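K.L.:
sequence and predicted model, in that order:
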Amino acid sequence: MSWTVDEQAELTATQAVSEIRAGRLSASEYVATLLARAEALSNLNALIVLDVEGALAAAHRIDSPGAAERGWLPLAGLPIVVKDNINTRGLSTSAGTPALEGFAPARHAPSVQRLVDAGAIVLGKANMHELAFGITSTNLSPHAGPVRNPYDPARIPGGSSGGTAAAIAARIAPAGLGTDTGGSTRIPAALCGVAGLRPSVGDGGTARRYHDPHAVVPISHTRDTVGPMARTVADVALLDGVITGHGPLASAPLANLRIGLPTPLWDGLERAVDDVARGALAKLQAAGVTFVPVAMPELLALDERVSRPLALHEPLAGLRDWLAANHAPVRSVDEIAARIASPDVRAIYDAILADDAGRDYETALTVWRPRLQQLYAQTFASAGLDALLFPTTRLVAVPIDDMNGSSRVSIDGGAPLDEMDAYLRNTDPASNAGIPGLSLPAGLAHGRLPVGLELDGPLGGDRRLLAIGIAFERILGPLPGPAL
């Protein structure tokens with residue numbers, strides 16, 4: 001079969017792997033098509049590094065006559081992009097910050113290595129919010145630049161994994177890896193119309209689903225995790241199955257699902273977001289899903305008591321450890337901070353270096369976080385819920401600004417809100433509780449801007465959550481691609 005360039009770009013990850021394994025599509029042709037697309041769409045700033053030579057060489061190995069393993073490799077020839085704060089052997093891992101520009105680690109992060117061992121091909125490193133400390137991906141580092149939303153290049157793609165989401169939405173790659181601390185896979189997934197998973201982390205021990213020690217430029221060891229992203233939940237499940245060794249996953253039956261609707265996360269939404277989300281609920285309810293309103297009145301207050309101390313106290317020691325473990329040319333957090341290019345991130349690092357949140361850290365970790373985790377566990381158990389469902393973000397993507405550190409947004413003309421707080425409100429609680437969260441496309445607001453729905457599940461319930469997501473996306477249908 002002969003595939004046109006446009007047909008290749010529209011292949012999902014699952015479809016592409018199937019065609020390559022069956023010999024109906026060559027990995028070399030497919031990779032070449034996507035590399036050319038990346039170069040043609042470079043104005044989106046989705047990628048910091050494009051590894052043309054390495055990707056084509058890897059594709060040739062998949063296609064070579066002696067590559068008998070092609071038929072059984074679960075990701076044979078699948079091109080992916082990897083967020084620039086995740087270690088990749090021989091490819092720059094700069095976290096989008098000037099002090100680390102050009103630094104190439106000696107080893108892949110374990111999550112990357114498992115994908116590569118399964119036949120995936122790294123096209124390049126995805127752009128991001130500098131040092132992952134933001135939700136817009138408006139990066140002012142000279143080697144990065146602001147990432148642009150493929151659905152409207154004048155708007156943000158979300159962050160901090162904005163480059164991964166933008167590349168996937170723009171059909172530069174069918175799938176990739178981001179990271180998530182407070183919402184960094186799910187927010188850009190929602191704003192760019194793709195799917196993104198935050199795996200279970202728990203307290204960072206045996207409950208942690210992905211184990212990438214010292215392999216991600218860190219913010220918070222308590223909350224950081226790598227997370228797969230793709231255009232469909234089925235493709236996210238494909239990557240998750242390879243990383244964890246769990247293999248393929250079937251869709252969950254809809255008939256007996258009980259899904260909670262947490263009141264605090266449905267309040268204060270942009271009208272256009274609420275309309276799309278309610279329309280999606282109606283479709284799911286008609287398909288047999290039972291929705292149960294749940295109050296959770298303490299949710300946002302508990303989250304606020306946990307979030308800031310963890311986010312501002314843990315980066316200092318974590319970044320020092322990452323620099324030492326990876327033999328980075330920069331050995332001092334002070335040196336990295338001094339060269340930060342984005343004013344909003346510089347202001348955050350001023351607070352980190354002053355350790356303004358240190359006095360509240362132990363209480364947040366030992367008192368408020370366990371209470372938040374208990375609230376979630378009790379809510380799932382007492383209402384007999386399979387998952388919670390709510391809009392991933394309160395508002396659609398806003399226009400890009402200069403990120404001067406005091407950006408404000410307004411929802412339907414209401415009082416100005418801090419931009420980061422507005423976008424993090426719905427994603428942050430699950431991050432602090434360590435439970436899994438999945439964002440999937442719900443529809444288009446104003447007929448052109450993506451809206452996401454988030455499913456949160458009990459700790460360790462990642463595969464069940466993905467199975468529900470696969471079932472939901474079959475009802476809701478795919479979004480049309482951006483007009484590029």
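P.N.:
Everything's here; your move. Residues are numbered from 1 along each chain as shown.
K.L.:
report how many residues lie close to residue 208.
P.N.:
Applying the criterion other Cβ atoms under 10 Å, we find 17 residues in the vicinity of residue 208. The C-beta positions use only the backbone N, C-alpha and C, and glycine is treated the same way.
K.L.:
tell me the SS of it?
P.N.:
coil (DSSP: H, G, I helix; E, B strand; the rest coil).
K.L.:
before we move on, what about residue 82?
P.N.:
strand.
K.L.:
confidence score at the residue nearest to it when sequence neighbours are not counted?
P.N.:
Of all residues beyond its chain neighbours, the one nearest residue 82 is residue 177 (5.0 Å), with distances taken as Cβ to Cβ, 6 or more residues apart in numbering. According to the prediction, residue 177 has pLDDT 99.
K.L.:
in what helix or strand does residue 177 lie?
P.N.:
Using DSSP states H and E, the element containing residue 177 is strand 175-180.
K.L.:
neighbouring contacts of that strand?
P.N.:
Taking contacts as Cβ atoms under 8 Å, 6 or more residues apart in numbering, the residues outside strand 175-180 that touch it are 13, 78, 80-83, 85-86, 111-112, 115, 126, 132, 160-161, 164-165, 167-168, 184-186, 188, 196, 198, 216, 224-231, 235-236, 238-239, 431, 437.
K.L.:
what about these, which are in helices?
P.N.:
Among those, the members found in helices (DSSP state H) are 13, 111-112, 115, 164-165, 167-168, 186, 188, 235-236, 238-239, 431.
K.L.:
just name the closest of those residues to residue 254, please.
P.N.:
Top of the list for closeness to residue 254, among those and by Cβ to Cβ, is residue 236 at 18.9 Å.
K.L.:
quick one: low-confidence ranges for the protein?
P.N.:
1, 65-69, 402-406 (pLDDT under 70).
K.L.:
quick one: the residue most central in space within it and residue 417, what's the gap?
P.N.:
Nearest to the centroid of the C-alpha atoms of the chain, with distances taken as Cα atoms, centre = their mean, sits residue 185, at 1.6 Å. Using Cβ to Cβ, to the nearest Å, we find residue 185 at a distance of 22 Å from residue 417.
K.L.:
same thing with residue 75?
P.N.:
Noted for residue 75: a distance of 41 Å to residue 417, by Cβ to Cβ.
K.L.:
between those two, which has more neighbouring residues?
P.N.:
Between residue 75 and residue 417, counting by other Cβ under 10 Å, residue 75 is the more crowded of the two (26 against 18).
K.L.:
next up, the contacts around that one.
P.N.:
13, 17, 115, 118, 119, 120, 238, 239, 242.
K.L.:
repeat that for residue 261.
P.N.:
For residue 261, the residues meeting the contact criterion (Cβ under 8 Å, 6+ apart) are 281, 291, 292, 293, 294, 388, 389, 390.
K.L.:
TSV please, covering these and showing secondary structure.
P.N.:
Formatted as TSV, the contacts of residue 261 follow (three-state DSSP):
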residue	secondary structure
281	helix
291	strand
292	strand
293	strand
294	strand
388	strand
389	strand
390	strand
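K.L.:
farthest-separated two in the residues you listed?
P.N.:
Among these, the pair separated by the greatest distance (Cβ to Cβ) is 281 and 294, at 14.4 Å.
K.L.:
more crowded one of these two?
P.N.:
residue 294 (20 against 17).
K.L.:
surely that one and residue 388 touch.
P.N.:
Yes - with contact defined as Cβ atoms under 8 Å, residue 294 reaches residue 388; the gap is 7.3 Å.
K.L.:
tell me, what's touching the two both at once?
P.N.:
Counting by Cβ under 8 Å, 6+ apart, the residues touching both residue 294 and residue 388 are 260, 261, 262, 379.
K.L.:
what segments of the stretch 251-400 of the chain are helices?
P.N.:
271-286, 299-313, 315-325, 333-338, 343-354, 358-363, 369-382 (DSSP state H, counting those that start in this stretch).
K.L.:
would you mind measuring the gap between the ends of stretch 435-450?
P.N.:
25 Å (Cα to Cα, to the nearest Å).
K.L.:
so what's the gap between that stretch and the chain middle?
P.N.:
For stretch 435-450, the distance from its own C-alpha centre to the chain's C-alpha centre is 13 Å (Cα atoms, centre = their mean, to the nearest Å).
K.L.:
same question, stretch 326-344
P.N.:
Between the centre of stretch 326-344 and the centre of its chain there are 24 Å (Cα atoms, centre = their mean).
K.L.:
please save the CA atoms from it in CSV.
P.N.:
Written as CSV, here are the backbone C-alpha positions of stretch 326-344 (Å, rounded to 0.1, in the frame of the first residue of the first chain):
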residue,chain,number,x,y,z
ASN,A,326,24.4,13.3,35.7
HIS,A,327,27.8,15.0,35.9
ALA,A,328,26.4,18.2,34.4
PRO,A,329,28.8,21.0,33.5
VAL,A,330,26.8,23.3,35.8
ARG,A,331,27.2,22.2,39.4
SER,A,332,25.4,25.0,41.2
VAL,A,333,21.7,25.9,41.4
ASP,A,334,22.8,29.5,41.9
GLU,A,335,24.4,29.4,38.4
ILE,A,336,21.3,28.0,36.8
ALA,A,337,19.1,30.6,38.6
ALA,A,338,21.4,33.5,37.5
ARG,A,339,20.9,32.6,33.9
ILE,A,340,17.2,32.0,33.8
ALA,A,341,15.7,33.9,30.9
SER,A,342,12.0,33.9,31.7
PRO,A,343,11.0,36.5,34.3
ASP,A,344,8.2,34.4,35.8
